[in-house]
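Novice: heads up, no residue letters with this:
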């Protein structure tokens, strides 16, 4: 593999993470880190998800997720409910406060993307999305989800 290809992919990754602010300690001027925001996203869209499912889905360390969930629980963002079928299993749910926190993050993310895309011509926006899909398609066909 050519070293220049590796360098170009890494340069693109560094550029994109800077453009969308992933290096900031807190994402979208919120009190949440990127992993925390991502966990809130999954809980919002997968009501009742189990912690084990979350670790598999995000590739996140179990201990790190556990500490994060404890923190969310202390802040009244989530509730844990034991499974009726298996008492060892807990399902995770956002509280109204947790849903509101996620919705605020979601609105900020939408606004950020709108600002990023606003200067582009419609044709360039369409090309950009097409190329994003192509990147996903190429990487995914080799087993990376």
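Specialist: Happy to help now that I have it. Please read all numbers here as calculations on a predicted model, not as lab measurements.
Novice: and the residue nearest in space to the middle of the chain, how close does it get to residue 54?
Specialist: Centroid-nearest residue in the chain: residue 38, 3.2 Å away (criterion: Cα atoms, centre = their mean). As judged by Cβ to Cβ, to the nearest Å, residue 38 and residue 54 stand 9 Å apart. (Each C-beta comes from the backbone N, C-alpha and C, glycine too.)
Novice: next one: residue 20
Specialist: From residue 20 to residue 54 the distance is 23 Å (Cβ to Cβ).
Novice: so the two - more neighbours on which side?
Specialist: Between residue 20 and residue 54, counted using other Cβ atoms under 10 Å, residue 54 has the larger neighbour count: 20 against 16.
Novice: tell me the helices and strands packed up against the helix or strand that the more buried one is a member of.
Specialist: Per DSSP states H and E: residue 54 is located in helix 51-58. Applying 3 or more Cβ pairs under 8 Å, 6 or more residues apart in numbering; DSSP states H and E, one finds that helix 51-58 contacts helix 34-45, helix 62-74, strand 90-94.
Novice: can you tell me what sits against that helix?
Specialist: 35, 38-39, 42-43, 46, 49, 60-62, 65-66, 69, 90, 92 (Cβ atoms under 8 Å, 6 or more residues apart in numbering).
Novice: show me which of the residues you listed has the smallest pLDDT value.
Specialist: Least confident of those in the model: residue 90, at 88.
Novice: low-confidence regions, the chain specifically.
Specialist: For the chain, applying pLDDT under 70 flags the ranges 145.
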